[in-house]
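Colleague: Got a sequence here, can you model it:
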Amino acid sequence: MEQLNYNHTAQEFWNYSDLNRIEEWMQYLCDSLNTYGYKMEITPKTWAVGEYPTPKQLERIRSNINALQDMWFVVPEWRELMAVYRTDGRETINAEQVNAQEWDLQQMHDYLQAMVNAFELKQAGILFMIAGGLYNAG
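Modeller: All right, here's what the predicted structure looks like:
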């Protein structure tokens, strides 16, 4: 998977590959949380060249990212995801909000990895596991 990027500038143009990166990370985190017993679903989309998100799609992305956090726990470094409007009143997206989306996904990934690593380390210290586990029990 492509590495998350939360250092976009206002001069950058957000394109379908950026959207797909966010979608892939949302799905990856959802699948990972489901693996560890958190039951949730998100609505992903695969973007094509030239597609630009509508206000409804921007809301879906925000909702999916927020749902991941709501299902799991509040990440301390969480950045608020909110709608951004142009001067004509139409919803748009800006670098600050793109960065917040990718930052939030990165924070969830980092905390999830830390949780998994701590769990695996704790499990490795259990007497049964030290003895070699199931295959060496006989």
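Colleague: tell me the strands in the protein, going along the chain?
Modeller: 84-85, 91-92 (DSSP state E).
Colleague: Now render the ones you listed as a markdown table, adding distance to Val98.
Modeller: Placement of C-beta: from N, CA and C, glycine included. Below are these laid out as a markdown table (distance: least, C-beta to C-beta, whole Å):
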| stretch | distance to Val98 |
| --- | --- |
| strand 84-85 | 10 |
| strand 91-92 | 11 |
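Colleague: Export these as CSV, with columns for mean neighbour count, distance to Trp103 and mean pLDDT.
Modeller: Listed next are those as CSV, based on neighbours: other C-beta atoms under 10 Å; distance: least, C-beta to C-beta, whole Å; pLDDT from 0 to 100:
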stretch, mean neighbour count, distance to Trp103, mean pLDDT
strand 84-85, 12, 16, 96
strand 91-92, 15, 19, 94
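Colleague: which stretch among those comes nearest Gln101?
Modeller: Among the strands of the chain, the nearest to Gln101 by C-beta to C-beta is strand 84-85 (11.6 Å).
Colleague: center of this structure - which residue?
Modeller: Closest residue to the average C-alpha location of the chain: Leu105 at 3.2 Å, with C-alpha atoms, centre = their mean.
Colleague: Can you name the residues that contact the closest residue to it other than its chain neighbours?
Modeller: Among residues not flanking Leu105 along the chain, Trp25 sits closest, at 4.6 Å (C-beta to C-beta, 6 or more residues apart in numbering). Residues near Trp25 by C-beta atoms under 8 Å, 6 or more residues apart in numbering: 1, 4, 102, 105, 109.
Colleague: Pull the contacting residues for the third one.
Modeller: Residues touching Glu102, when contacts are defined by C-beta under 8 Å, 6+ apart, comprise 4-6, 8, 21-22, 25.
Colleague: what two of those residues are the furthest from one another?
Modeller: Farthest-apart pair in those is His8 and Trp25; separation 14.8 Å (C-beta to C-beta).
Colleague: in this structure, which helix or strand is least confident?
Modeller: Lowest mean confidence among the helices and strands of the chain (mean pLDDT, DSSP states H and E): helix 127-130, at a mean of 51.
Colleague: Which among the strands of the chain is found nearest to Trp47?
Modeller: Nearest to Trp47 among the strands of the chain is strand 91-92 (16.4 Å), distances taken as C-beta to C-beta.
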